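# Next input, structure requested:
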Amino acid sequence: MDAILAEVTIRQRRKKLEDMSQGNGLDDAYTATLTRLRAQKGNKSALGLKVLMWVSYSERPLRAGELCHALGVEIGSADLDPENIPALRTLLAPCLGLVTVEASSSIVRLVHFTLHEYLLSDPSLFSSPHATIAEVCLTYLNFESVMELSPTLHSAPSTLLLLEYASCYWGKHTRMGMTENVKTLALRLLARFDEHISAQLLLLSNSKDTDSGPYFDGIGGPTGFTGLHGASFLGIVEVFPDLLGIKEWDVNAVDCTGSTALIWAARKRHEGVVRVLLERAQVDPNRADTEDGRTPLDWAAAKGHEGVVKILSEREDVDPNKADPKYGGTPLLWAALNGTEGVVKILLEREDLDPDQAGTFYCRTPLEWAALSGHEGVVKILLERDKVNPNYADPRYGRTALSLAAENGHERVVKTLLENGRVDPNQADTLYGQTPLSWAAENGREGIVQIFLERGDVNPDQADTFYGRTPLAWAAQSGCEGVVKILLQQEGVNPHRADTRSGQTPLSLAAENGQERIVKMLLAREDVNSGQADTKDGRTPLAGAAVNWHSGVVKIPSERQGVRTTTTTTTTLDRKNKNPPSLAFSTGHDRVVGIIRNDVISHPRDRGGQVSLPSFHGNKDEYTIDIQSSSHDPNTNIKNSPPAAPPARLHYRERIWHFKDRVPKSADRNLSATEPPLLPSVVHEPSGLEPDSSRAWLEPFEPGGATSRAGSSPGLD
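So this is what the prediction gives:
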């Protein structure tokens, strides 16, 4: 405020305020505030600077209680003195507004993000901040009250507010601020680490991040997670000379997570610790963890830790081809799967490495996993090796690297593979017999389909061996409109070719799956027979759409100008002697039948939820429908009188469509008062009644009452 008021005019003050709200021009204000902070009398100045240091250099935002406990720790004391913990108001006052506390979370924060940048830009402002924080954390963890806690607790007691932070972050502060006193305190803690609650809290925190390490439930405590494991986990290489001299360690022992000290160091990218451990003759560099059976090299390669991989791979006694028993993955396979190019290059420097060794889970090679994951750089590196077979097909599915890349839409990988003269672009898998083009078409990979078709050696109409479907058929079924357009432009593509398994054409597959736009594209071609039935169920494309309730597809023939709903399209019976309308009705799709009949019909249920399906009678030219219905009130007798008392047996006249020439005909039907209601919601006048009275008689049966529109039906929308 002083900086803003120092401006002379209102305009200048407003501009200064706008600049400061955006973080500009605050350095002078911060400098002036810190000058006033240092000028405070007594211990206020030192206390204010301590608060700023903790808030600025903590590894995560501190809560108010954590900060109070941190500043209440007296270095060298045996335990925490509650009377030495300052109140939050006492800590905030000397900060002169530079520190705030969020009311909702009690998180202590700097007043503005630019203040953090300002404080870190002056290295002389705080003396050894990380060493100071590490010393406080380790002193806290070595308190007698903390050492006596059970190591199986899953959370810190409410009376020890700094315990969780100190347990999880003392290692990071120690690595960045090692002093002799910090080392002494760290060795004291590590000497009995597997019996300390801080080890438990550290592992529990680590297991929350599934990418950081194995899952740890904490039920049995940190058994076996010794100081050697802890120092390797945290990467505190400076303590190892003294730590190894404390007692005789089993350097190959596994902890409660099944990991050795070397595995923790490799997973966490602590190169210095890896070197120190490998200097010990007793260390087995190939010792795998007991959870997944993966070696230190395996973990380092999977994580992309190039430095650790280089250290391990330079040792002749490290096996670069050792596969884990769970997935059969080698270090190269894991590196290829995760796209770590640098690790792949380092591993390939080993002459005894097998670059084409497949895993056991999917039996895929490193090249296949790299192609599947879209790692173009790794694919290029592997293709340069003569020992890598680019056409290798896994024995489980028979998929190649090109097939996997095409399916998953990795265009650059596909181009890279096709540029290699050894890759066969037409090699089909052994399970379904689909080519890479077929996989790309089925999954809508337009760019990749175009890449294949631009080559002169790819057959655009090659069918698979399992279903006998062409790329066009797969694209039509999956609704890949762009791919269908591309394929229909190819001279060698037959748009009406039926598959060999069920005799379905691309049109039939598209209609059955409700792909309206593709149905329209196919019907626009003269060489597509819209009424051809499949060989499995004898269903036409319209029947397939009707039975699956795709009313949008059913509408298409009648919507197209110059295209009639032909006799064949609507009346052909399938193997169960069902036609499109009866197929639709048999699955409850009454609206589809209404569309086929070119009449919007819905059949509402009565209040008990009962529905009577109509029976269909017909020949090649027409259908009639028997409709049975009762009043909406089962206790009301229908009598032969206008709306108040309808006739007991009503002579009902319904329009029946002739499907061939669409000429309206008439048929008489009897309605019984003893059957569940099934009446059309559109007006079909009962014989002998005026239209208005008949409409009133029908209204109680309509969904929503008299205001309901024709064509609506419960459960359809």
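# Read off the pLDDT value for the closest residue to Glu271 other than its chain neighbours.
What sits nearest to Glu271 in space, not counting adjacent residues and going by Cβ to Cβ, 6 or more residues apart in numbering, is Gly307, at 4.6 Å. For glycine as for every other residue, the C-beta is placed from the backbone atoms N, C-alpha and C. If you check Gly307, the pLDDT there is 97.
# and Gly307, how many neighbours?
Gly307 has 16 neighbouring residues, counting by other Cβ atoms under 10 Å.
# right, and it touches Gly272 too?
No: under the criterion of Cβ atoms under 8 Å, Gly307 is not in contact with Gly272, lying 9.8 Å apart.
# And the strands in the chain, which stretches?
Secondary structure of the chain (DSSP state E): strands at 99-101, 108-110, 615-618, 623-626, 650-657, 664-671.
# weakest of the ones you listed in terms of mean pLDDT?
Among the strands of the chain, strand 650-657 has the lowest mean pLDDT, at a mean of 30.
# Now Asp534: closest residue in space, sequence neighbours ignored.
Gly503 (4.2 Å).
# Give me the distance between the one you found and Tyr432.
According to Cβ to Cβ, to the nearest Å, Gly503 and Tyr432 sit 18 Å apart.
# And for Val101?
From Val101 to Tyr432 the distance is 62 Å (Cβ to Cβ).
# Next: Ala543.
Ala543 is 26 Å from Tyr432, by Cβ to Cβ.
# more neighbours, those two?
Shown here are Ala543 and Tyr432; by other Cβ under 10 Å, Ala543 has more neighbours (32 against 17).
# rewinding a little: you'd agree the residue nearest to Asp534 is up against Gly538?
No: contact between Gly503 and Gly538 fails when scored by Cβ under 8 Å: they sit 9.0 Å apart.
# hmm, who's touching stretch 303-317?
265-267, 269-271, 274-275, 278, 285-286, 296-297, 300-301, 318, 320, 331, 335, 338, 340, 342-343, 346-347, 349-350 (Cβ atoms under 8 Å, 6 or more residues apart in numbering).
# Can you flag the buried ones in those?
Among the contacts of stretch 303-317, those scoring as buried are 265-267, 269-271, 274, 278, 285, 296-297, 300-301, 318, 320, 331, 335, 338, 340, 343, 346-347, 350 (criterion: 16 or more other Cβ atoms under 10 Å).
# Return the residues in contact with Leu110.
52, 55-56, 98-100, 116, 119.
# Make a PyMOL selection of the buried ones in the residues you listed.
Of these, the buried ones go into a single PyMOL selection, burial set by 16+ other Cβ under 10 Å:
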select buried, resi 52+55+56+98+99+116+119
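# Closest one to Ile219 out of the contacts of Leu110, please.
Val55 (35.8 Å; Cβ to Cβ).
# For the residue nearest to Asp534, give me phi and psi.
phi 70, psi 20 (degrees, to the nearest 10).
# Neighbours of it, how many?
The tally of other residues near Gly503 (other Cβ under 10 Å) stands at 17.
# hang on, Ser150 packs against Ile197?
Yes: the criterion here is Cβ under 8 Å, and Ser150 meets it with Ile197 at 6.9 Å.
# which one of these two has more residues nearby?
More crowded of Ser150 and Ile197, by other Cβ under 10 Å: Ile197, with 26 against 9.
# Setting aside sequence neighbours, what's the nearest residue to that one?
Leu149 (4.5 Å).
# and Arg445, how many residues sit next to it?
27.
# So it is in contact with Val483, correct?
Yes: at 7.5 Å, Arg445 and Val483 qualify as touching, with contact defined as Cβ under 8 Å.
# Quick check: the gap between Ala545 and Val251.
70 Å.
# Show me which of these two is the more surrounded one.
More crowded of Ala545 and Val251, by other Cβ under 10 Å: Ala545, with 34 against 18.
# Where does the prediction get shaky in this protein?
Along the chain, segments meeting pLDDT under 70 span 23-25, 210-212, 557-717.
# what's the span of stretch 31-47, first residue to last?
18 Å (Cα to Cα, to the nearest Å).
# Ok, stretch 155-167 next?
11 Å.
# in that stretch, what's buried?
Neighbour-count burial for stretch 155-167 flags 156, 160-167 (criterion: 16+ other Cβ under 10 Å).
# Out of the residues you listed, which is nearest to Val554?
Ranked by distance to Val554 (Cβ to Cβ), those are led by Glu164 at 63.3 Å.
# Looks like the closest one contacts His154 (just checking).
No: using Cβ under 8 Å, Glu164 is not in contact with His154, being 11.0 Å away.
# Now Arg38. Nearest residue, chain neighbours left out?
Ser45 (5.2 Å).
# related to what we said a few turns ago, what is the most widely separated pair among the contacts of Leu110?
Thr100 and Leu119 (14.9 Å).
# Any figure for the gap between Arg269 and Asp317?
22 Å.
# ok now do the residue nearest to Pro61 when sequence neighbours are not counted, which residues does it touch?
Distance criterion Cβ to Cβ, 6+ apart; nearest residue to Pro61, sequence neighbours excluded, is Ile107 at 4.8 Å. Listed by Cβ under 8 Å, 6+ apart, the contact set of Ile107 reads 61-64, 101.
# so which of these is the most crowded?
Using other Cβ under 10 Å as the neighbour test, those are led by Leu62, with 22 neighbours.
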